Structures are given as C-alpha cells and as structure tokens.
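Participant: this is a predicted model, with the sequence first.
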Amino acid sequence: MPEGPGKTLDCGISTSAVILAAGQGTRMKSALPKVLHSIAGRPLVHYPVRAALEAGCGEVVVVVGHGRERLEAYLSEAFGASAHGIPEAWKGRVKTAVQKEQRGTGDAARAGLEAVRPEADRVLIFYGDVPLLTAPDVAAVATILNGEPNGVALATCTTKEPFGYGRVMRNERGDVIEIREQKDLRSDAERANEEWNPGIYAASVAFLKEALASLRPNNAQGEYYLTDIVSFAAQRGQRVFGVPSNPAVMDGINDRAQLARGERAMNERILEKHRVAGITVRDGARIEDGVVIEKDATIESFAVLRGRTRVGSGAVVDVGCVLTNADIGEGVTLKPYSIVTDSIVRARAQIGPFSHLRPESDIGEEAHVGNFVETKKTRLDRGAKANHLAYLGDGFVGENANIGAGTIFCNYDGFQKQITRIGKNAFIGSDSQLVAPVTIGDGAYVGTGTTVTRDVPADALAIGRAKQENKEGYASRLRGRLAAQKAAAAAEKKAAEK
Ligand code: UD1
Ligand code: CA
C-alpha cells in the first residue's frame, strides 16, 4: 500500500467497517480458505482490513465462517494486541463475527452488523477478496454521506465487458436503483452494461438493520444478496450515491488466475513505491509487502525479497537472490543466486555468488562468504573469509580468520550438534575437517588436508596428514604395467568371443 501504516484518512471513528470473508471460495479449488491465499507475502484479507484501518474506521468486523479458526488465528497474529509492525492505535480494533452457514453476502453482512459496537453510527461494508483497494477508495464511499445520514453510498466502476460482476442499474433520470448480479441479467442489453459494482457500500446502522432484514433469496443463486439493499433504498425513495471509483484496484479474486493478476499488480505497486523512494529496482524483481529497503540500494531482476527482510542503504542484491527475513547491512554486496534466510549480513560484507546462509547466520562487517559456501547458526566476525566450497555449521569464526576451500565443520555426530570455534587471524588450510566440539586458537594454522580432532592452541600449527613420499621414475613404470594389463584383458575377451 502506498500510504503506509499510520496515515489515516478521515472516515470518522464512529464508522465501523464490516469485511465479508466467510465464503469458501469454491473457484479457488483449494483446501485453504480463499482469503488466506496470499499475494505479496500476506493473505488477501490483510489488505482490506488495513485499508479500513488506514481509512480511520473505529473498528473492523471481519465476518468469518469457512476456515474460521485459521482466519481468526491470522487476524489475531497480524492485528491483535501483540502484533508486530502496526500502529498501536490499530491494536485490538479488529474483531470477528461468525456467519454459521454461507447463505450469501447479505446474510454475512447481517452477521457482521450484529457485532458492530453500539457507538457506531455509520457502517462501511466491503469484501475480503479485493486486495488492491486502498484507504482512499473506501473512505470516499463513507465520506460522501457526511451531511447525508439517510443516504446509501456505493462505489461504481465502468469498464468494457465487466463479466462476472453485478451491474449498476439506473433509471431514466440516471439514479442508481438496483444492482443486478451477472447470473440474474435478463437480456443482452443488460449484459452490455459497462457500469459494475466493485462492492463497497456505506450507510447508517439504522438503515442497514432494516434493509438486511428485508432480504429474500429470490435470485438465480438462491442466496441473500447484500446488493439488494440498493433497490430497497431506491424503492423507499432514499438517496443512493454512486461513487465513481478506480476499476484498476477493484478486481475481486475468485480463482487462481485472478490471484496471479492481483499479485502482479500488487508487486508493481510495491516496486513503484521503492523506486520513487530512491531505490533502483529492476523489472522482474519480486518484493513482498513488509520488506524495508533503504535509499540507494539496488535490487536486480529475479531477486525475491520476502517476509521481514531489510536491505540497508547502498546494498546490492544481485540477480536471483532469495532473501527471507534477512537483515542486510549498508553497502553489502549479495552476488547472484545467493540465499539468505533468517540471518544477518553486516555492513560491507560480500556474499556469493551461490552462497547459502541458513538460519541464524551472522556475517560480520567486511566479511566474505563466497561460492558454494553454506553457513548455519554461525557467526563470522569482521573481515573473516570463507571464499569457496565450505560448510560452516554451529560455529564462531574470529576476526580476519581465513577458511580455505573445502573446509567442513563436522558439527553433527548423529545425535547432537557440536560447536566449532576459530580464533581471530587463524588460517584453516583447504580441505580440512574440524571435528566439533573443537577450538582453534587465535592466529593458529591448520595445514591443508588436516582432520582436526583436538583443540589447537593459539599460534600453533596443526597438521594431520600422512607424510608424502616421492618414488623417482615410478610413473612411467606404472603406466607400462597398466597398459599391459588393459591389452591382456582385451585379448582375453576377443578369444572368448571366438
Ligand atoms: C460480489 C457482489 C457483486 C460484485 C462482486 C465484486 C453480491 C451478491 N455480489 O459478487 O455484485 O460485483 O462481489 O467483487 O454481493 N461471503 C461471505 N459469506 C457468504 C458469501 C460470501 O462472507 O455467504 C464473502 C466471501 O468470503 C467474499 C465476499 O463475501 O470475500 C464476496 O463473495 P463472492 O462470492 O466472491 O461474491 P461475488 O460473486 O464476487
Ligand atoms: Ca468475489
């Protein structure tokens, strides 16, 4: 959302929002309730709830039913008292109401209205499956009723061939008199109507009580339609305000093709927000909603930034990197195809290409982690280097220590994880195995190809490989013998074939 949390538009604290999210979402063909399918790293329902809060609504009632427990669990985690990263004022404003049986949007709205607090005088109703709408879009529908307490307002959109949406029907004078669902349209002329209903409504509590009680399921789907409150108002001579709205943000998500389109649009919106804020973001990057990027960072194509990832100023996240809850310091370079999960990379460190930093890695300032190096639960202090082909698990690597290619921290004995400690300025020769628990002292040297099973004191050299022997002239004798063996084997085979 471009507004960012905290900015509220004035819809009025005495306005309550009711968000309908009880349906199964049959068209998703999924075990997961529709509104918990995610785009840009958050469930669909997150966005309308946030739009209502940003619009300044005094409370948000989410109507739940299908998949109720999971939905309630998500809402309390994201908006409850101990939620992270939302304004204090929003905490505890979101509650749920239960629609026992999914008998249509009108029935769901009725369940929601019953849970609205007594202080509310106006109610905004919209759907939980419209993730791109923003706070100004919903606020506009509520605020048009300022000074018109008996009116009913709804957003309307106009586009070519709005297949699947309810259509806005007007009389000769141009007043809105009814919303008619796609399945209830009676003629080609009605189907050609380009004005449709994106599903944002506002009215007084008193009106809604009466209107929702009047609904009958006399329609093609045999459901209670929320949209019938419009004809109810028009027939009683109440004013109905159509609020022209931006169709680009009003797409309801009903199936996975629409889910993909919604995500594409949301991703573009997020990339745009970062670009305008001074970050170079190449086309093809994917950045989730909660990610923080500081100025002058560069995010290359096909980088994927997820969850609570932060990228510091001037950092470069090169092609194909995947960051999940990663904390990337300023000036860090992540070369192509590096993966960082639940880990910290401190200022000016260099990672990759093809590094894999698994959870709880902490890479110090100016440290280097290179090609095909895997780390897990390991801290590298400032300036430490592991440039090629290593596994560093459950360890500590001191300042400016150097870890050679092919080094392995043997951290697991099949039962427990053990710790490897390497002192500052230590040098671990290539192809060494450090069998944990083990400590290499400051400035110590481990000779190439050593299997270290005992602690190495500071400044010592540990070397554990077999002594080398050179046999002069042996190579050509060896070749001759091997060639003769091969020829004999071929001759034997030929003889056997005859
Ligand atoms: C609805 C509108 C349609 C509008 C479109 C905009 C009605 C009758 N139709 O149609 O005019 O153009 O949205 O996107 O309102 N839900 C419940 N309980 C139920 C049924 C639905 O909570 O018993 C919730 C769903 O979880 C969903 C929302 O209401 O989030 C909308 O329901 P959906 O079935 O998607 O309505 P549409 O057919 O899209
Ligand atoms: Ca829908």
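Facilitator: Received it, and whenever you're ready, just let me know what you need. Ligands and ions are numbered 1, 2, ... in the order given.
Participant: C-alpha only now, for contacts and for neighbours.
Facilitator: OK.
Participant: now the end-to-end length of stretch 54-73.
Facilitator: In stretch 54-73, first residue to last residue: 22 Å (C-alpha to C-alpha, to the nearest Å).
Participant: for that stretch, the averaged confidence score.
Facilitator: The average pLDDT within stretch 54-73 is 97.
Participant: any idea how far that stretch is from the middle of the chain?
Facilitator: Chain-centre distance of stretch 54-73: 20 Å, with C-alpha atoms, centre = their mean, to the nearest Å.
Participant: buried residues in it?
Facilitator: 54-68, 71-72 (16 or more other C-alpha atoms under 10 Å).
Participant: quick one, domains of this structure?
Facilitator: Domain segmentation of the chain under automatic domain parsing yields 15-249, 256-462.
Participant: now for those domains, which one comes closest to ligand 1?
Facilitator: domain 15-249 (3.3 Å; C-alpha to the nearest ligand atom).
Participant: residues from this structure in reach of ligand 1?
Facilitator: Residues of the chain that fall close to ligand 1, judged by C-alpha under 6 Å from any ligand atom: 20-23, 63, 102-105, 108, 127-129, 165-166, 181, 197-199, 225-227, 252, 254.
Participant: please redo it, this time with the cut-off set to 5 Å
Facilitator: 20-23, 102-105, 108, 127-129, 165-166, 197-199, 225-226, 252 (C-alpha under 5 Å from any ligand atom).
Participant: and the domains of the chain as TSV, adding distance to residue 470?
Facilitator: Below are the domains of the chain laid out as TSV (distance: least, C-alpha to C-alpha, whole Å):
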stretch	distance to residue 470
domain 15-249	61
domain 256-462	18
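Participant: pick the most deeply packed of the ones you listed.
Facilitator: domain 256-462 (a mean of 22; mean count of other C-alpha atoms under 10 Å).
Participant: tell me which residues touch residue 467, please.
Facilitator: For residue 467, the contact set (C-alpha atoms under 8 Å, 6 or more residues apart in numbering) is empty.
Participant: tell me the pLDDT at residue 357?
Facilitator: 98.
Participant: scratch that, residue 224
Facilitator: pLDDT at residue 224 comes out at 97.
Participant: just checking, it touches residue 109?
Facilitator: No - contact between residue 224 and residue 109 fails when scored by C-alpha atoms under 8 Å: they sit 9.7 Å apart.
Participant: show me which helix runs longest in the protein.
Facilitator: helix 474-497 (DSSP state H).
Participant: in the stretch 1-150 of the chain, which spans are helices?
Facilitator: Listed in chain order, the helices of the stretch 1-150 of the chain (DSSP state H, counting those that start in this stretch) span 46-54, 68-79, 105-115, 135-143.
Participant: of the ones you listed, which is nearest residue 185?
Facilitator: Between residue 185 and the helices of the stretch 1-150 of the chain, the tightest spacing by C-alpha to C-alpha is seen for helix 105-115, at 18.2 Å.
Participant: report the mean confidence score over that closest one.
Facilitator: Average pLDDT, helix 105-115: 98.
Participant: for that helix, list the C-alpha coordinates in PDB.
Facilitator: Extracted as PDB, the C-alpha positions of helix 105-115 are listed here (Å, rounded to 0.1, in the frame of the first residue of the first chain):
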ATOM      1  CA  THR A 105     -23.200 -11.800   1.200                       C
ATOM      2  CA  GLY A 106     -26.400 -10.300   2.600                       C
ATOM      3  CA  ASP A 107     -26.600 -12.900   5.300                       C
ATOM      4  CA  ALA A 108     -22.900 -12.400   6.000                       C
ATOM      5  CA  ALA A 109     -23.400  -8.600   6.400                       C
ATOM      6  CA  ARG A 110     -26.200  -9.300   8.800                       C
ATOM      7  CA  ALA A 111     -23.900 -11.400  11.000                       C
ATOM      8  CA  GLY A 112     -21.300  -8.600  10.800                       C
ATOM      9  CA  LEU A 113     -23.800  -5.800  11.700                       C
ATOM     10  CA  GLU A 114     -24.800  -7.700  14.800                       C
ATOM     11  CA  ALA A 115     -21.200  -7.400  16.100                       C
END
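Participant: list the helices and strands it packs on?
Facilitator: strand 15-20, strand 59-64, strand 94-98, helix 205-213 (3 or more C-alpha pairs under 8 Å, 6 or more residues apart in numbering; DSSP states H and E).
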